[in-house]
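A.B. asks: got a sequence here, can you build the structure:
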Amino acid sequence: MKLLESLALAAILAVGCGNGPSPDDNGFPVDIVIPVDVPSDVIGVDTAVPDQGGRDQGQQDPGGSGDTVVHRDLPSLDLPDTECGVTLDNYFDMLIDALAGFYARCSPGDRINFWQNPKNARWMLEGQIRPMEVEYRVRIDKGALTLDKTVACAYLGLLKDGDCNATRTMNSGLVGTAGPGGACGVDEECPDGYFCRFPNATTCLGECTARVGAGQICDFGGCQPGFACRLNDADEFRCVASYYIRQPGDDCDPETDVCALSFCDGSMCHELPGPGTQCSPGSYCRDGWCDRNLNICKPYVGAGGSCETWTSCEDGMYCLPFPDEKCATRLTLGVQCDPARNSFDFPGVSLACASGLCDKLNNVCTDSAPASACN
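C.D. replies: As a prediction, the model looks like this:
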């Protein structure tokens, strides 16, 4: 699975990705990355439609069209500097910075509390990306992945500062050496139009398999750019158009769109309520949190203040567990932590550690992810 594909999900409800690192889909864990159909002669957009032969889960379902990408309201692009200084050594550092910028501008309103504070964004991204980076380093060290710096700079620049739908079908800049049917460990090793399909969850190597298009039966992550693999009412996983990110004041359709830093009332994206205004239990507020008892948006709570969850606390803090239930500053490296106290929304990310990682052997906050099981 792509790095971003596994990550993004947890953040944006499958907005859809091209050939770049990614997060999980649908509720958490799916395509994350973001949006825009760019001419392939400009920056390596994945638009190829491979021959899709028979009908297994990773292949085209008879009768399907195998569409490549979804074209909707494409933003005009001012391409960023293609001399951004990216290397294989600092790629993941720059990716975290780019994703933090993306989420600050483009998070759907129902996830805004996870991303609107810079320190919280850094905490979550560090806790999610660093373990993924370990797996990618294994493939890089084996020579299975290289870097196209021009594509990477364009991708990272648009992700950080571009239109919310600007990287939907773009490649990440990581380039693999495997061909169709070749052995792979991550999606980026495969050629355009293919993904790394694993026979089961315990194997380290998969096979580069053709992606499928609209309406086709799919494996997780096996759809063409602009589509996401989701479970339908018939209990089938099929490729459907990934969500498009609209802005406050835009028309929206909750079946196909999400609203950046706002919510869709069924037809239009509306601003989230601010502190002092009414909110619904479980909903989100702009620059604050929704008190479940009073149904009122309140400002974030400072150190020592009472809290309900970590989203009640100010930037860089977390909510101490029962019976304390007070906001406290996240723990620094080397400080004792409980590895069982991880985020429900972001599995594996420590709630207490500023680094997002709690060492499960020594029970201290760390910035080193566990070693890869695959080598």
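A.B. asks: from G274, how far off is C259?
C.D. replies: 16 Å (CB to CB, to the nearest Å). Backbone N, C-alpha and C define where each C-beta goes, glycine included.
A.B. asks: neighbour-wise, which of these two wins?
C.D. replies: More crowded of C259 and G274, by other CB atoms under 10 Å: C259, with 27 against 13.
A.B. asks: ok so that one is a strand residue?
C.D. replies: Yes. Judged by DSSP: H, G, I helix; E, B strand; the rest coil, C259 forms part of a strand.
A.B. asks: hang on, isn't V134 packed against C374?
C.D. replies: No. Using CB atoms under 8 Å, V134 makes no contact with C374, being 9.6 Å away.
A.B. asks: looking at these two, which is more packed in?
C.D. replies: Per other CB under 10 Å, whichever of V134 and C374 has more neighbours is V134, with 17 against 12.
A.B. asks: three-state assignment of the more buried one?
C.D. replies: Quick answer, by three-state DSSP: V134 is helix.
A.B. asks: state the distance from it to L95.
C.D. replies: In terms of CB to CB, V134 sits 14 Å off from L95.
A.B. asks: run through the chain and note the low-pLDDT ranges.
C.D. replies: Counting by pLDDT under 70, the ranges of the chain that qualify are 1-80, 110-118, 220, 281-282, 343-345.
A.B. asks: what about the helices in it?
C.D. replies: In the chain, the segments counted as helices under DSSP state H are 3-12, 40-43, 91-106, 112-115, 118-141, 149-161.
A.B. asks: which among these is found nearest to A352?
C.D. replies: helix 118-141 (9.9 Å; CB to CB).
A.B. asks: chain center to the closest one: distance?
C.D. replies: In terms of CA atoms, centre = their mean, to the nearest Å, the centre of helix 118-141 is set 12 Å apart from its chain centre.
A.B. asks: quick one: list the elements packing against that helix.
C.D. replies: On a contact count with 3 or more CB pairs under 8 Å, 6 or more residues apart in numbering; DSSP states H and E, helix 118-141 meets helix 3-12, helix 91-106, helix 112-115.
A.B. asks: tell me which residues of the second one come out buried.
C.D. replies: Neighbour-count burial for helix 91-106, with 16 or more other CB atoms under 10 Å as criterion, is recorded at 91-92, 94-106.
A.B. asks: with stretch 262-275 instead?
C.D. replies: Applying 16+ other CB under 10 Å to stretch 262-275 flags S262, F263, C264, C269, L272, P273 as buried.
A.B. asks: test my guess that the first one contacts L272.
C.D. replies: It refers to S262. Yes. Taking contacts as CB under 8 Å, S262 lies within contact range of L272: 6.1 Å.
A.B. asks: need the overlap of contacts for those two.
C.D. replies: G109 (CB atoms under 8 Å, 6 or more residues apart in numbering).
A.B. asks: let me see the backbone angles for G274.
C.D. replies: Reported as degrees, to the nearest 10, the phi and psi values for G274 are phi -100, psi 180.
A.B. asks: residues contacting A178?
C.D. replies: With contact taken as CB under 8 Å, 6+ apart, A178 is in contact with A144, C184, E189, C190, P191, C208.
A.B. asks: let's see it at 6 Å
C.D. replies: C184, E189, C190, C208 (CB atoms under 6 Å, 6 or more residues apart in numbering).
A.B. asks: what's the offset of stretch 257-276 from the middle of its chain?
C.D. replies: 21 Å.
A.B. asks: straight-line length of that stretch, end to end?
C.D. replies: Stretch 257-276 has an end-to-end distance of 28 Å (CA to CA, to the nearest Å).
A.B. asks: what's that stretch in contact with?
C.D. replies: Counting by CB under 6 Å, 6+ apart, 106, 108-109, 112, 164, 243-248, 250-252, 254, 279, 284-286, 288, 297-299 sit against stretch 257-276.
A.B. asks: could you rerun that using 8 Å?
C.D. replies: Residues contacting stretch 257-276 (CB under 8 Å, 6+ apart): 12-13, 15, 105-110, 112, 116, 164, 243-254, 279, 284-288, 296-299.
A.B. asks: now do P299 against S262, distance only.
C.D. replies: 19 Å.
A.B. asks: ah, wrong one, I meant D253
C.D. replies: 14 Å.
A.B. asks: what's the answer for A152, then?
C.D. replies: Taken as CB to CB, the span from A152 to S262 is 31 Å.
A.B. asks: coming back round to it: now, which of the contacts of stretch 257-276 lie within strands?
C.D. replies: Y244, I245, R246, I296, C297, K298 (DSSP state E).
A.B. asks: what sits against the nearest residue to T87 once chain neighbours are set aside?
C.D. replies: Spatial nearest neighbour of T87, chain neighbours left out: L147 (7.0 Å); criterion: CB to CB, 6 or more residues apart in numbering. Applying CB under 8 Å, 6+ apart, we find L147 in contact with V86, T87, L88, Y91, G173, L174, V175.
A.B. asks: from the residues you listed, keep the buried residues only.
C.D. replies: V86, L88, Y91, G173, L174, V175.
A.B. asks: ok, those residues vs C365, which is closest?
C.D. replies: Y91 (24.4 Å).
A.B. asks: the closest one contacts L174, correct?
C.D. replies: Yes. Judged on CB under 8 Å, Y91 makes contact with L174 at a distance of 7.4 Å.
A.B. asks: between these two, which contacts overlap?
C.D. replies: Counting by CB under 8 Å, 6+ apart, the shared contacts of Y91 and L174 are L147, A152.
A.B. asks: what number of residues lie near N295?
C.D. replies: Counted by other CB under 10 Å, the residues lying close to N295 total 12.
A.B. asks: and G179, what does it touch?
C.D. replies: Contacts for G179 (CB under 8 Å, 6+ apart) come out as P191, C208.
A.B. asks: good, wrapping up.
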